[in-house]
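A.B. asks: would you be able to build a 3D model of this:
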Amino acid sequence: MKKIVVVGGGSGIFNVLKGLKNYPVTLTAVVTSFDNGGSTGVLRDEFGMLPPGDIRRALIALAPETGDSTLRELFTYRFERESSLCGHSFGNLFLQALCSITGSDIGAIKKAGEILGIKGTALPVSLDDAQVCAELMNGKIIKGETNIDIPKHDGALKIKKIYLEPRATIYNEAYQAIVAADLVVLGPGDLYTSLLPNVLVEGFTDALKKSHAKVVFVTNLMTKWGETNDFAASDFSRVALLYLKRKKFDYVICNSSPLRVALIKKYAGEHASPVRIDTAALKKYATHVVLADVASQSDVLRHDSKKLSRAILDIR
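C.D. replies: Here you go, the predicted structure:
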């Protein structure tokens, strides 16, 4: 079976994994492990555990959607009543409990995968404790993924570069999965907080160089305030390639379907706009540009899991 590694974090890669798990492929999620906000941040600070939020989402995405849905619902349940548990995700707490029982973060993740009966494997990109840091164009340093993701500074300021502090090393099983892959899919997701932190881990680019995999980049549907203001598709690819130390992606997938005006107006309130698909400029950064209807447009804009997985699997 084709070996596919999906790299990212947050909600971005959820729909990629959700779609691909339904096909006869060997699927591995390599997930960012540097979140420091919300329930994840509290558990990271109090217990010193690996940030559970992103890996929890990957586990849910890979879980079967047939039969009793109670386990999946438990993993997504969040306590909202005023109490000491307010804001915590049950899935995060469950992973913390499993960490104590099994004696390790990896033991907890693998046991949770067994309990959920996931199709594939979910792995953290690193086991090291590090923070994502961003240097803005005015020289100001922003520390912590959540502070970059939800800017308290002037979001109009562009990010000059990001880095990890201290440095982190790739988890060996994630390294081996990338080396053995037939296809490595990066994204979609927030460029500077969900995608590039994985690339910054020492050993990631080396694994990609040793791999014979075709590398696929999935372009976001919308820009992100404080990260990718006014970015076109070529800007996403250019920045990602800079950190990957590559000249081109083998494939870049972009949405070709028009977005609903009402949704565009809604996202304008968040200073977000549709990513402009500048195909001519994009060809400088991609051997093949795939234009396909991969969007789901309900009350929010997301990549459609079925459409996107088919676009990925069409790559030979």
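A.B. asks: what's the neighbour count on the nearest residue in space to G117 that is not next to it in sequence?
C.D. replies: Excluding the flanking residues, the one nearest G117 by CB to CB, 6 or more residues apart in numbering is P64, at 5.7 Å. C-beta here means a position set from N, CA and C on the backbone, and glycine is covered the same way. Neighbour count for P64, taken as other CB atoms under 10 Å: 15.
A.B. asks: can you report how many residues lie near the residue nearest to L95 when sequence neighbours are not counted?
C.D. replies: Among residues not flanking L95 along the chain, P52 sits closest, at 4.3 Å (CB to CB, 6+ apart). When neighbours are counted by other CB under 10 Å, P52 registers 30.
A.B. asks: next one: E165
C.D. replies: Neighbours of E165 (other CB under 10 Å): 11.
A.B. asks: quick check: phi and psi on it?
C.D. replies: Dihedral angles of E165 (phi, psi; degrees, to the nearest 10) stand at phi -140, psi 120.
A.B. asks: hang on, isn't it packed against A134?
C.D. replies: No - counting by CB atoms under 8 Å, E165 does not reach A134; the two are 10.7 Å apart.
A.B. asks: so what's the closest residue to L183 other than its chain neighbours scoring on pLDDT?
C.D. replies: Among residues not flanking L183 along the chain, I4 sits closest, at 4.7 Å (CB to CB, 6+ apart). Looking at I4, its pLDDT stands at 98.
A.B. asks: repeat that for I150.
C.D. replies: 91.
A.B. asks: what about it, neighbour count?
C.D. replies: 12.
A.B. asks: just the one 5 residues further on next, same as before
C.D. replies: Counted with other CB under 10 Å, the burial measure for G155 works out to 14 neighbours.
A.B. asks: ok, now which ones touch the closest residue to it other than its chain neighbours?
C.D. replies: Leaving aside its chain neighbours, G155 sits nearest to G226 (3.6 Å; criterion: CB to CB, 6+ apart). Counting by CB atoms under 8 Å, 6 or more residues apart in numbering, G226 makes contact with 148-151, 153, 155, 157.
A.B. asks: ok, G226 to L200 distance?
C.D. replies: In this view, G226 and L200 are 18 Å apart by CB to CB, to the nearest Å.
A.B. asks: do L98 as well
C.D. replies: 28 Å.
A.B. asks: same deal with A122?
C.D. replies: Applying CB to CB to A122 and L200 gives a distance of 20 Å.
A.B. asks: likewise D190?
C.D. replies: Taking CB to CB, one finds D190 at 14 Å from L200.
A.B. asks: element containing H288?
C.D. replies: strand 286-292 (DSSP states H and E).
A.B. asks: I should have written L242 there, sorry.
C.D. replies: Going by DSSP H and E, L242 is in helix 233-244.
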